[in-house]
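Peer 1: Build me a structure from this.
(2 chains)
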Amino acid sequence: MASSILVLITKPPYGLEEAFAGLRLALAMGVNGMKTSVLFTEEGAYNAVSTQKPEAVKMPSNIEATKELYDFEIPVYVVKEDLEERAIAESSLFEGLKVIPQTEARELLQQHDVVTTF
Amino acid sequence: MPKTLTILFRTGSMMAMDANVAVKLAKAALDKGYLVHLFGYGEGVTAVKKGQKPKRFPNVGDELQEAQTQGATTAVCETCFAARGLERGEEIEGAKVGSLTNDLFKFLSESDRLVTIAR
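Peer 2: Okay, the predicted model is just below:
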(Lines give C-alpha, C1' and ligand atoms only; values in the text may rest on other atoms or scores of the structure.)
Protein backbone atom coordinates (compact mmCIF):
# COMPACT_ATOMS: atom_id res chain seq x y z
CA MET A 1 0.00 0.00 0.00
CA ALA A 2 1.40 3.37 -0.99
CA SER A 3 2.62 5.50 1.89
CA SER A 4 4.69 7.95 -0.13
CA ILE A 5 4.34 9.85 -3.39
CA LEU A 6 6.66 11.86 -5.59
CA VAL A 7 4.99 14.49 -7.78
CA LEU A 8 7.01 15.36 -10.87
CA ILE A 9 6.23 18.77 -12.32
CA THR A 10 7.48 18.85 -15.92
CA LYS A 11 5.38 21.70 -17.30
CA PRO A 12 5.94 25.47 -17.00
CA PRO A 13 3.92 27.49 -14.50
CA TYR A 14 1.49 29.27 -16.82
CA GLY A 15 -0.28 28.53 -20.08
CA LEU A 16 -1.12 25.07 -18.81
CA GLU A 17 -2.95 23.98 -15.67
CA GLU A 18 -0.60 21.05 -15.08
CA ALA A 19 1.93 22.55 -12.67
CA PHE A 20 -0.70 24.13 -10.41
CA ALA A 21 -2.73 20.91 -10.47
CA GLY A 22 0.33 18.91 -9.45
CA LEU A 23 1.07 21.23 -6.56
CA ARG A 24 -2.52 20.95 -5.30
CA LEU A 25 -2.38 17.17 -5.53
CA ALA A 26 0.84 17.20 -3.49
CA LEU A 27 -0.80 19.41 -0.88
CA ALA A 28 -3.81 17.08 -0.63
CA MET A 29 -1.57 14.09 0.00
CA GLY A 30 0.67 15.95 2.42
CA VAL A 31 -2.15 17.26 4.61
CA ASN A 32 -3.25 13.66 5.10
CA GLY A 33 0.18 12.73 6.41
CA MET A 34 1.41 10.86 3.34
CA LYS A 35 5.14 11.32 2.78
CA THR A 36 5.10 13.63 -0.24
CA SER A 37 7.83 15.25 -2.30
CA VAL A 38 7.73 17.49 -5.36
CA LEU A 39 10.34 17.67 -8.08
CA PHE A 40 10.49 20.48 -10.64
CA THR A 41 12.16 19.08 -13.74
CA GLU A 42 12.46 19.79 -17.47
CA GLU A 43 10.19 22.76 -18.32
CA GLY A 44 8.88 22.51 -14.77
CA ALA A 45 12.10 24.21 -13.67
CA TYR A 46 10.49 27.54 -14.58
CA ASN A 47 8.16 27.10 -11.59
CA ALA A 48 11.15 27.83 -9.37
CA VAL A 49 11.76 31.36 -10.65
CA SER A 50 11.06 34.05 -8.05
CA THR A 51 10.04 36.81 -10.46
CA GLN A 52 6.84 35.15 -11.69
CA LYS A 53 3.97 37.62 -12.13
CA PRO A 54 0.84 35.44 -12.33
CA GLU A 55 -1.39 38.49 -11.92
CA ALA A 56 -0.36 39.49 -15.46
CA VAL A 57 -2.27 36.50 -16.80
CA LYS A 58 -4.86 36.42 -14.01
CA MET A 59 -3.68 33.04 -12.84
CA PRO A 60 -3.13 31.74 -9.29
CA SER A 61 0.46 31.98 -8.06
CA ASN A 62 2.48 28.81 -8.30
CA ILE A 63 4.97 30.34 -5.87
CA GLU A 64 2.25 30.61 -3.23
CA ALA A 65 1.00 27.13 -4.08
CA THR A 66 4.54 25.83 -3.60
CA LYS A 67 5.12 27.66 -0.33
CA GLU A 68 1.89 26.22 1.07
CA LEU A 69 3.61 22.84 0.81
CA TYR A 70 6.34 23.99 3.19
CA ASP A 71 3.73 24.28 5.97
CA PHE A 72 3.35 20.52 5.78
CA GLU A 73 7.07 19.86 5.48
CA ILE A 74 6.74 18.72 1.87
CA PRO A 75 10.16 19.16 0.29
CA VAL A 76 10.32 20.72 -3.16
CA TYR A 77 13.32 19.93 -5.33
CA VAL A 78 14.63 21.40 -8.57
CA VAL A 79 16.99 19.58 -10.93
CA LYS A 80 20.25 21.51 -11.24
CA GLU A 81 20.92 20.44 -14.83
CA ASP A 82 17.43 21.54 -15.92
CA LEU A 83 18.13 24.99 -14.47
CA GLU A 84 21.48 25.18 -16.23
CA GLU A 85 20.05 24.11 -19.61
CA ARG A 86 17.57 26.99 -19.37
CA ALA A 87 20.10 29.52 -18.06
CA ILE A 88 18.12 29.92 -14.86
CA ALA A 89 20.52 31.08 -12.15
CA GLU A 90 20.13 29.55 -8.71
CA SER A 91 20.15 33.08 -7.35
CA SER A 92 16.87 33.74 -9.20
CA LEU A 93 14.95 31.00 -7.37
CA PHE A 94 12.55 31.70 -4.55
CA GLU A 95 13.36 30.53 -1.04
CA GLY A 96 12.91 27.05 0.35
CA LEU A 97 13.66 25.07 -2.79
CA LYS A 98 16.32 22.36 -2.78
CA VAL A 99 18.51 22.21 -5.90
CA ILE A 100 19.71 18.67 -6.56
CA PRO A 101 21.68 16.99 -9.35
CA GLN A 102 19.99 14.51 -11.71
CA THR A 103 21.66 11.60 -9.96
CA GLU A 104 19.91 12.54 -6.73
CA ALA A 105 16.62 13.01 -8.59
CA ARG A 106 16.86 9.41 -9.76
CA GLU A 107 17.32 8.31 -6.15
CA LEU A 108 14.19 10.26 -5.21
CA LEU A 109 12.21 8.15 -7.66
CA GLN A 110 13.30 5.03 -5.85
CA GLN A 111 12.54 6.45 -2.41
CA HIS A 112 8.79 6.83 -3.05
CA ASP A 113 6.13 4.15 -3.40
CA VAL A 114 4.32 5.85 -6.27
CA VAL A 115 5.16 8.62 -8.73
CA THR A 116 2.87 10.83 -10.79
CA THR A 117 3.81 13.27 -13.51
CA PHE A 118 2.32 16.64 -14.36
CA MET B 1 -5.01 -10.64 -1.17
CA PRO B 2 -5.64 -8.92 -4.53
CA LYS B 3 -3.41 -6.07 -5.56
CA THR B 4 -4.90 -2.63 -6.01
CA LEU B 5 -4.33 -0.28 -8.92
CA THR B 6 -5.22 3.41 -9.06
CA ILE B 7 -5.48 5.06 -12.48
CA LEU B 8 -5.22 8.85 -12.43
CA PHE B 9 -6.49 10.25 -15.73
CA ARG B 10 -6.36 13.90 -16.64
CA THR B 11 -7.57 14.08 -20.24
CA GLY B 12 -11.20 14.71 -21.17
CA SER B 13 -13.82 12.55 -22.79
CA MET B 14 -13.29 13.90 -26.31
CA MET B 15 -10.37 14.84 -28.62
CA ALA B 16 -8.10 12.14 -27.22
CA MET B 17 -8.47 8.48 -26.39
CA ASP B 18 -6.71 8.78 -23.04
CA ALA B 19 -9.85 8.33 -20.95
CA ASN B 20 -10.85 5.34 -23.09
CA VAL B 21 -7.38 3.88 -22.59
CA ALA B 22 -7.71 4.42 -18.84
CA VAL B 23 -10.96 2.46 -18.79
CA LYS B 24 -9.54 -0.25 -21.04
CA LEU B 25 -6.59 -0.61 -18.68
CA ALA B 26 -8.97 -0.72 -15.72
CA LYS B 27 -10.96 -3.54 -17.31
CA ALA B 28 -7.81 -5.49 -18.13
CA ALA B 29 -6.61 -5.13 -14.53
CA LEU B 30 -10.02 -6.22 -13.22
CA ASP B 31 -9.83 -9.27 -15.46
CA LYS B 32 -6.50 -10.11 -13.87
CA GLY B 33 -7.98 -9.87 -10.38
CA TYR B 34 -6.87 -6.39 -9.39
CA LEU B 35 -9.01 -4.04 -7.39
CA VAL B 36 -9.19 -0.87 -9.47
CA HIS B 37 -9.79 2.78 -8.62
CA LEU B 38 -10.14 5.46 -11.28
CA PHE B 39 -9.72 9.13 -10.44
CA GLY B 40 -10.49 11.92 -12.91
CA TYR B 41 -8.55 15.16 -12.37
CA GLY B 42 -8.48 18.32 -14.47
CA GLU B 43 -10.12 17.68 -17.85
CA GLY B 44 -10.49 14.04 -16.81
CA VAL B 45 -13.63 14.94 -14.88
CA THR B 46 -15.57 15.29 -18.14
CA ALA B 47 -15.35 11.52 -18.65
CA VAL B 48 -18.03 10.97 -16.00
CA LYS B 49 -20.51 13.43 -17.53
CA LYS B 50 -23.86 11.72 -17.87
CA GLY B 51 -25.59 11.67 -21.27
CA GLN B 52 -22.58 11.75 -23.60
CA LYS B 53 -23.59 11.02 -27.18
CA PRO B 54 -20.50 10.69 -29.38
CA LYS B 55 -21.57 9.73 -32.88
CA ARG B 56 -18.38 8.12 -34.14
CA PHE B 57 -16.29 7.43 -31.08
CA PRO B 58 -16.55 5.11 -28.09
CA ASN B 59 -18.71 6.48 -25.28
CA VAL B 60 -16.33 6.73 -22.34
CA GLY B 61 -19.19 7.39 -19.90
CA ASP B 62 -20.78 4.07 -20.86
CA GLU B 63 -17.41 2.34 -20.73
CA LEU B 64 -16.79 3.69 -17.26
CA GLN B 65 -20.14 2.40 -16.10
CA GLU B 66 -19.27 -1.03 -17.47
CA ALA B 67 -15.99 -0.97 -15.56
CA GLN B 68 -17.87 0.01 -12.42
CA THR B 69 -20.23 -2.92 -12.93
CA GLN B 70 -17.15 -5.13 -13.05
CA GLY B 71 -15.99 -3.69 -9.72
CA ALA B 72 -14.02 -0.52 -10.44
CA THR B 73 -14.63 2.52 -8.28
CA THR B 74 -14.62 5.96 -9.87
CA ALA B 75 -14.25 9.41 -8.37
CA VAL B 76 -13.45 12.82 -9.81
CA CYS B 77 -12.22 16.11 -8.40
CA GLU B 78 -15.14 18.28 -7.33
CA THR B 79 -13.19 21.53 -7.77
CA CYS B 80 -12.33 20.60 -11.36
CA PHE B 81 -15.92 19.49 -11.96
CA ALA B 82 -17.38 22.78 -10.74
CA ALA B 83 -14.75 24.79 -12.64
CA ARG B 84 -16.14 23.35 -15.86
CA GLY B 85 -19.69 24.31 -15.03
CA LEU B 86 -20.69 20.80 -14.05
CA GLU B 87 -22.86 20.17 -11.03
CA ARG B 88 -23.47 17.19 -8.79
CA GLY B 89 -26.12 15.01 -10.39
CA GLU B 90 -24.58 15.40 -13.84
CA GLU B 91 -22.22 12.48 -13.24
CA ILE B 92 -22.91 8.94 -14.41
CA GLU B 93 -24.46 6.60 -11.89
CA GLY B 94 -21.90 5.10 -9.54
CA ALA B 95 -19.24 7.76 -10.07
CA LYS B 96 -18.45 10.00 -7.12
CA VAL B 97 -17.82 13.71 -7.33
CA GLY B 98 -15.22 13.79 -4.59
CA SER B 99 -11.87 15.30 -3.77
CA LEU B 100 -8.13 14.80 -3.86
CA THR B 101 -7.92 15.05 -0.10
CA ASN B 102 -10.48 12.37 0.65
CA ASP B 103 -10.91 10.13 -2.36
CA LEU B 104 -7.59 10.17 -4.20
CA PHE B 105 -5.74 9.94 -0.90
CA LYS B 106 -7.83 6.92 0.10
CA PHE B 107 -7.33 5.31 -3.32
CA LEU B 108 -3.55 5.75 -3.16
CA SER B 109 -3.34 4.58 0.42
CA GLU B 110 -4.95 1.32 -0.67
CA SER B 111 -2.91 0.95 -3.86
CA ASP B 112 0.11 -1.06 -4.83
CA ARG B 113 0.45 0.75 -8.14
CA LEU B 114 -0.40 4.14 -9.61
CA VAL B 115 -0.70 4.75 -13.34
CA THR B 116 -1.07 8.32 -14.59
CA ILE B 117 -2.64 8.85 -18.01
CA ALA B 118 -2.25 12.42 -19.26
CA ARG B 119 -0.73 14.57 -21.99
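Peer 1: Near chain B, which residues of chain A are found?
Peer 2: Applying the criterion CB under 8 Å from any CB of the partner chain, the portion of chain A that neighbours chain B consists of A:1-3, A:5, A:17-18, A:21, A:24-25, A:28-29, A:31-32, A:34, A:114-118. From N, CA and C alone the C-beta is placed, and that goes for glycine too.
Peer 1: Let's see which of those end up in strands.
Peer 2: For the residues of chain A next to chain B, the ones inside strands are A:Ile5, A:Val114, A:Val115, A:Thr116, A:Thr117, with DSSP state E as the criterion.
Peer 1: Just list whatever residues bridge to the third one.
Peer 2: In this case it means A:Val115. With DSSP bridges applied, the residues forming beta bridges to A:Val115 are A:Leu6.
Peer 1: on that earlier part again, ok, of the ones in strands among the residues of chain A next to chain B, which one's closest to B:Met17?
Peer 2: Ranked by distance to B:Met17 (CB to CB), these are led by A:Thr117 at 18.6 Å.
Peer 1: With adjacent residues omitted, what lies nearest to that closest one?
Peer 2: Of all residues beyond its chain neighbours, the one nearest A:Thr117 is A:Leu8 (4.5 Å), with distances taken as CB to CB, 6 or more residues apart in numbering or on different chains.
Peer 1: show me what contacts the one you found?
Peer 2: With contact taken as CB atoms under 8 Å, 6 or more residues apart in numbering or on different chains, A:Leu8 is in contact with A:Gly22, A:Leu39, A:Thr41, A:Gly44, A:Val115, A:Thr116, A:Thr117, A:Phe118.
Peer 1: now those residues in JSON lines, with pLDDT, neighbour count and distance to A:Glu84?
Peer 2: As requested, the contacts of A:Leu8 are exported to JSON lines (pLDDT from 0 to 100; neighbours: other CB atoms under 10 Å in any protein chain shown; distance: CB to CB, whole Å):
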{"residue": "A:Gly22", "pLDDT": "98", "neighbour count": "28", "distance to A:Glu84": "23"}
{"residue": "A:Leu39", "pLDDT": "98", "neighbour count": "26", "distance to A:Glu84": "16"}
{"residue": "A:Thr41", "pLDDT": "98", "neighbour count": "19", "distance to A:Glu84": "13"}
{"residue": "A:Gly44", "pLDDT": "98", "neighbour count": "25", "distance to A:Glu84": "15"}
{"residue": "A:Val115", "pLDDT": "98", "neighbour count": "17", "distance to A:Glu84": "24"}
{"residue": "A:Thr116", "pLDDT": "98", "neighbour count": "23", "distance to A:Glu84": "26"}
{"residue": "A:Thr117", "pLDDT": "98", "neighbour count": "19", "distance to A:Glu84": "22"}
{"residue": "A:Phe118", "pLDDT": "98", "neighbour count": "25", "distance to A:Glu84": "22"}
